[in-house]
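Participant: Sequence isn't available, so here's the structure alone:
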């Protein structure tokens, strides 16, 4: 049994409709007006929440040009780039947070962020965030998790790259630190992520192992993977969003455009609604259909004493007559009275 976690006005957990979170990340491309336009687009899409990442290049790394600080040359999106340079392009300046939060709240969006150090937590506390996200790479930073948990707010924890032992340590740190609820997200921390690496079957494993709601932080193209995740218990879906992939940007290649985000919101909720129950049998909406199943009908006017033949009794729609399986039992019997065409065949007639 997993507990429900409340993020702002939204209940997140088993039995609740999927909570769709739009991750802006660095898709603002260094332009506050574009960032605000993304907020507007997210609100128009029907997504429930907007998420930011709160760091500066200096709070997440240091400006060093050494092999350890450079992304491997074969990386599809950022090959050969220095970490500091990448984070310069990707970060959302601290002074942009307040206008972004204001715009989001004006639209009725829930807005929260991933902090990467204590300065980010202080800023986000001032902005009264309803929850925090721990990014996959920060899952092993237990002091950071304890600090964030000490705010008493819910933590959404991405588990990309993590072993079950590392996830256990993070969950313990969050609980010991006082987190006001935990949601674990399955995640493939590659960009873009191939669908075959999603391993969605781990979702119920995480839910059972830790007794918390689970979801998906998805970096695959399109919406097929997150919609499928709903069928395996994902109650929170996070996807990166941009205005137009053609505009470029650090995360644009694996981000949804606004119309696709709207489709994700609709289709994930449709998938959730379709889960239903384990009951096998007619549903309430099938009652009218039951009236038009096949049954045995008299299909020609007959007189008393006439034999039942394949010419005057057939299996047709609608229901109301004997089951079609009784056809062999009635053939050759005789009618007890005159029967008009279109009468459902019953044992009282033969």
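Facilitator: Yes, it's here. Everything quoted here is computed from the prediction, not taken from an experiment.
Participant: what kind of secondary structure is the one residue sitting closest to the centre of the chain in?
Facilitator: Nearest to the geometric centre of the chain sits residue 237, at 3.9 Å (C-alpha atoms, centre = their mean). Per DSSP: H, G, I helix; E, B strand; the rest coil, the local secondary structure of residue 237 is strand.
Participant: Next, count neighbours for the nearest residue to it once chain neighbours are set aside.
Facilitator: In space, residue 237 comes closest to residue 226 once its chain neighbours are excluded; the distance is 4.5 Å by C-beta to C-beta, 6 or more residues apart in numbering. C-betas here are computed from N, CA, C, even on glycine. When neighbours are counted by other C-beta atoms under 10 Å, residue 226 registers 27.
Participant: Give me the local confidence score for residue 226.
Facilitator: pLDDT, residue 226: 98.
Participant: my guess is it meets residue 235, correct?
Facilitator: No - the criterion here is C-beta atoms under 8 Å, and residue 226 misses it with residue 235 at 11.6 Å.
Participant: picking that back up, who is the residue nearest to the centre of the chain paired with across the strands?
Facilitator: residue 20, residue 216 (DSSP bridges).
Participant: Would you check that it makes contact with residue 23?
Facilitator: No - taking C-beta under 8 Å as the definition, residue 237 is not a contact partner of residue 23, at 10.5 Å.
Participant: now the strands for the protein?
Facilitator: 5-7, 10-12, 19-23, 49-54, 110-115, 132-134, 155-158, 182-187, 214-218, 236-240, 295-298, 313-316, 343-344 (DSSP state E).
Participant: Of those strands, flag the one that's most buried.
Facilitator: Stretch with highest mean neighbour count among the strands of the chain: strand 214-218 (a mean of 29; mean count of other C-beta atoms under 10 Å).
Participant: which other helices and strands contact that one?
Facilitator: Contact here means 3 or more C-beta pairs under 8 Å, 6 or more residues apart in numbering; DSSP states H and E; on that basis strand 214-218 packs against strand 182-187, helix 202-210, helix 224-231, strand 236-240.
Participant: between it and helix 224-231, how many degrees?
Facilitator: 180 degrees (axes from the mean of the first three to the mean of the last three C-alpha atoms, to 10 degrees).
Participant: Strand 214-218: how far from the chain's middle?
Facilitator: 7 Å (C-alpha atoms, centre = their mean, to the nearest Å).
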